[in-house]
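> Here's my sequence, what's the structure:
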Amino acid sequence: MDKIQNNKKMGILNSLKNMQNNKFYKLSIIIILLLSSIVFLILGLYYGGNAKTISLDDVTNFVIHQSTGDMFKDTLLKEVRFPQILGAIAIGITLAGSGLMLQILFRNLLASPYTTGISSGVLLMVSFVIFATSLSNLFKVFGTADILIAGWMGGMLSTIILISIAFKVKESNSVIIIALLASYLFSGIRSYLIHSSDNLLIDEYFGFVVGNLSKLTFDAVYPMAFATVVFIIMSLFLIKPLNALVFGENYAKSFGLSIKKIRIAILLLTSFVVGLIIPYVGLMAFVGISAPYLARPLLKTSDNTYLLPASMLIGVLLMLSCHIITLHYYLPFKWIFNVKTASVLPISAVLDVFGGIIVLYLIMQGEKKLIL
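I've put the predicted structure just below:
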């Protein structure tokens with residue numbers, strides 16, 4: 001009997017040690033990701049297109065004293081580099097976090113703000129304002145913010161549609177299928193509007209659609225920062241419901257959780273941030289899919305206490321690293337085609353190319369392990 005009790009005690013102690021080690025490992029990964037994000041933030045300010053223009057001392061003085069002592073450098077940091085870097089951080093946090101939540105909700109690794117129709121609603125309303133003369137005249141009351149207001153309204157329209165579907169449909173997979181079909185419907189309407197318009201308006205539309213940080217200003221960063229703070233705070237309250245959903249809707253119901261309420265809370269939160277952010281920067285579809293996918297094997301856990309912040313930080317790293325690449329190295333076209341682009345590359349181009357290659361490599365490595 002004593003031996004059995006001793007074995008049980010040893011088993012409990014070993015399991016506790018493993019839990020502590022796993023916790024230490026996960027926290028270590030998150031700290032490394034956080035420090036890496038800070039490093040890339042500094043590099044983004046320093047290597048923002050021309051390393052000779054801004055020094056690390058200039059960045060430090062600007063952060064501490066709000067001035068470098070040089071008007072040109074102050075303007076460059078305030079009007080160009082800081083807005084773009086802060087915008088990249090906001091996009092990385094919100095889109096990666098939204099992607100993880102939607103993937104858990106729909107139990108589908110391809111779920112993201114793009115595939116759930118939220119982005120399509122934004123683009124549809126923007127296309128109406130650009131191409132439809134009557135709506136364009138109506139939105140002129142908003143001045144230069146007409147497209148931004150239209151994009152936000154489009155995001156809210158998608159939210160209303162998604163929530164009404166979520167109330168009526170029992171299975172989450174049915175919601176994403178209907179949302180995907182709605183996206184195709186919106187896409188068809190946009191294609192018709194584009195086909196019926198002149199080239200100048202089409203250029204304006206595609207200039208909005210392609211994900212780009214170059215147009216960001218501090219006026220845009222403030223609402224993006226507000227949306228990011230709200231998103232982080234609200235996501236803390238969703239960690240436990242998300243952990244329950246990992247094991248399925250029936251498991252979550254057994255704990256007394258209302259699936260419809262959780263579904264609506266997640267859809268409202270993700271629609272809110274995406275509707276606020278996409279109108280400023282265009283589409284960044286890949287971040288919401290790839291960041292959670294990269295975080296899972298890195299942390300080796302499905303616990304959202306660790307997975308959610310890790311996904312957000314990976315999203316930030318993806319955005320900052322690709323932003324630096326587009327500004328400083330003009331990749332991938334400079335290496336692949338030996339051609340330097342006339343202007344700064346859209347960040348979405350680099351995100352899609354390099355991010356797609358990384359995720360494809362990880363998938364193939366996973367398949368090899370299964371075969372072996």
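> what's the neighbour count on Glu171?
Glu171: 12 surrounding residues under other C-beta atoms under 10 Å. From N, CA and C alone the C-beta is placed, and that goes for glycine too.
> make that Arg107, sorry
Number of residues near Arg107 (other C-beta under 10 Å) recorded here: 15.
> same check, this time on the one 4 residues further on
The number of residues packed around Ala111, counting by other C-beta under 10 Å, is 27.
> Now it. Nearest residue, chain neighbours left out?
Closest residue to Ala111 apart from its sequence neighbours, by C-beta to C-beta, 6 or more residues apart in numbering: Leu102 at 4.2 Å.
> chain center to the helix or strand where Leu317 lies: distance?
Using DSSP states H and E, Leu317 maps to helix 304-328. Relative to its parent chain, helix 304-328 has a centroid offset of 9 Å by C-alpha atoms, centre = their mean, to the nearest Å.
> Quick one: list the elements packing against it.
For helix 304-328, the contact count by 3 or more C-beta pairs under 8 Å, 6 or more residues apart in numbering; DSSP states H and E identifies helix 2-46, helix 82-106, helix 239-246, helix 285-299, helix 347-371 as packing neighbours.
> for the last one, what is the average pLDDT?
The average pLDDT within helix 347-371 is 69.
> which residues in the stretch 151-300 of the chain form helices?
In the stretch 151-300 of the chain, the segments counted as helices under DSSP state H, counting those that start in this stretch are 172-195, 199-209, 218-237, 239-246, 249-254, 259-281, 285-299.
> Just want the angle from the first one to helix 239-246.
In this case it means helix 172-195. Helix 172-195 and helix 239-246 meet at an angle of 100 degrees, taking axes from the mean of the first three to the mean of the last three C-alpha atoms, to 10 degrees as the criterion.
> Which neighbouring elements make contact with helix 172-195?
For helix 172-195, the packing partners by 3+ C-beta pairs under 8 Å, 6+ apart are helix 82-106, helix 118-131, helix 146-168, helix 259-281.
> run the last query once more with 7 Å
Taking 3 or more C-beta pairs under 7 Å, 6 or more residues apart in numbering; DSSP states H and E as the contact definition, the neighbouring helices and strands of helix 172-195 are helix 82-106, helix 118-131, helix 146-168.
> quick one: contacts for the residue most central in space within the chain?
Per C-alpha atoms, centre = their mean, the C-alpha nearest to the average position across the chain is that of Leu95, at 1.8 Å. Leu95 is in contact with Pro113, Met284, Val287, Gly288, Gly315, counting by C-beta atoms under 7 Å, 6 or more residues apart in numbering.
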